[in-house]
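Enquirer: predicted structure and sequence below. I'll ask about it afterward.
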Amino acid sequence: MEDEERKTLVLMEYAECGSLHDYLYCDGEQKPNFKYMHALEWMHQLAKGVAYLHAMKPRAVIHRDLKPANLLLTNEFRTLKIADFGTVTELATVMTGNIGTPSYMAPEVVHAKVYTEKSDVFSFGIVLWEVLAQKKPFYHLENREHFAILFQIGSGKHPILEDVKNYPDVQNLRYVIRSCWKMEPKKRPTMEHLAICLDDR
């Protein structure tokens, strides 16, 4: 067989609008208007996408690194797609390692305990807060080094919930975010439930 025939090619979709992170923190003049309904639609799409991963057959998978930098926008900023599956693992795997990005890492991951798909739910709650608050997680800390943020999360601390404001139905939005941040993973909602909640907004 020729060497050319042995090459493996990876075909990837081009996300022409860049990442959600770039959208949120771009200071350029070409940045589109940021609207409440955009935020909710993105988060609804994200919830549905992660719910799909958690329900995959024959084995569910966990993303383990949900954050705006791993969420891509297409279709004139209307469509959100999940990217960077380098940390994905099957739910059947026993997981105790510190996988992910500190600001979005669930407490059980910080403490290197066995964790489940509910770690993605915690990360989703941070992303939901970030999109609605339009601030970086833990911006209020004087020390934002990784170990300092991990200490905060491991101690049950989280971003300032009151930064989510000036929205219709803001109390219910805060309730959804708070439910994702429960220290006990089993008390957090499923991604399927979150998708339904955000579809009703």
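Expert: Yes, it's here. Numbers count the residues shown, from 1 in each chain.
Enquirer: how about the helices in the chain?
Expert: Along the chain, counting by DSSP state H, helices occupy 20-25, 36-54, 107-110, 118-133, 146-154, 170-180, 191-199.
Enquirer: tell me if I'm right that Phe124 and Leu46 touch.
Expert: Yes. Assessed by Cβ atoms under 8 Å, Phe124 is found in contact with Leu46 at 6.7 Å. Just so you know, the C-beta spots here come from the backbone N, C-alpha and C atoms, and that holds for glycine as well.
Enquirer: anything in contact with each of these two?
Expert: Between them, Phe124 and Leu46 have Leu66 as joint contacts when contacts are counted by Cβ atoms under 8 Å, 6 or more residues apart in numbering.
Enquirer: looking at the helices of the chain, which is closest to Ala69?
Expert: The closest of these to Ala69 is helix 20-25. By Cβ to Cβ, the value is 4.2 Å.
Enquirer: go through the closest one and flag the buried ones.
Expert: 20-21, 23-24 (16 or more other Cβ atoms under 10 Å).
Enquirer: now for the residues you listed, which pair is the farthest apart?
Expert: Longest span within the buried residues of helix 20-25, Cβ to Cβ: His21 and Tyr23, 7.2 Å.
Enquirer: and for these two, which residues touch both?
Expert: Taking Cβ under 8 Å, 6+ apart as the criterion, His21 and Tyr23 both touch Pro68.
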